[in-house]
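1. Fold the following, please.
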Amino acid sequence: MSAEVATEPASGAGTAEGPSARKVVYCGVCTLPPEYCEFGGTVKKCEEWLQKNHPDMHQKLYSEEALNANLSALSVDAQKRAEKDAAKKTAKAAAAEQREAERKAEAVVLIKRVERNKRKYVTVVSGLEEHGLDLKKVAKELGKKFATGSSVTKTAAGGEEITVQGDVSDDLYDWLLEKYPEIPEDNLDMKDDTKKKA
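-> Modelled structure (predicted):
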């Protein structure tokens, strides 16, 4: 790949005082300029993103002629090393994706109805962070959705959970399924922590 950064001229011409500003394109996957995506470890996804969003730049960087020109500039040993490195990075990225998918598949979201005192309840949700959700944002959405108090609290184990005022466990279960389809229904679990009367 060439070492120069892909730039697109910004709208408006330069002034007499200096050159015009340039707009640098950054990859939507790895956030590097497209010429440097090969160093990010997600080359295939980066290439797909570039093809979809900037086809002219994709043609310039990934066309058959561009790839052959870049390979011919390398020595035979360097070509072999580059191919080996690319294969290692691709395998590493695939393994990381697999581990992440397995972790998410095993992560359980627990919805508990907890009795506070004299038939007053709160609903506690834990495990959302394992699915990549921002707990503060979700707590705010829950407060608006159920018109009640909702906050992120620390657990005894050192993690975080969302506490919602009132017994909204059934509605919350349905809302999570609808709002966050990336959480599999099998991973949602409900529990009732009511105090037993003597």
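2. Show me how the protein divides into domains.
-> Here the domain assignment for the chain is 34-103, 107-192, based on the TED database.
3. what number of residues lie near R113?
-> If you count neighbours by other C-beta atoms under 10 Å, R113 ends up with 19. Using the backbone N, CA and C atoms, a C-beta is placed for each residue, glycine as well.
4. Are we agreed that it is in a strand?
-> Yes. When classified by DSSP: H, G, I helix; E, B strand; the rest coil, R113 is found to be part of a strand.
5. Can you tell me the closest non-neighbouring residue to it?
-> Spatial nearest neighbour of R113, chain neighbours left out: S169 (4.5 Å); criterion: C-beta to C-beta, 6 or more residues apart in numbering.
6. ok so, going back, what's the most buried one of the domains of the chain?
-> domain 107-192 (a mean of 15; mean count of other C-beta atoms under 10 Å).
7. so how far is that domain from its chain's centroid?
-> Relative to its chain's centre, domain 107-192 lies at 21 Å (C-alpha atoms, centre = their mean, to the nearest Å).
8. Walking through the protein, point out its helices one by one.
-> 43-53, 55-62, 64-72, 76-106, 135-146, 169-179 (DSSP state H).
9. model confidence over the second one, on average?
-> Right, the one you point to is helix 55-62. Confidence over helix 55-62 (mean pLDDT, whole number) is 83.
10. If I take that helix and helix 43-53, what angle do their directions form?
-> Angle, helix 55-62 to helix 43-53, by axes from the mean of the first three to the mean of the last three C-alpha atoms, to 10 degrees: 150 degrees.
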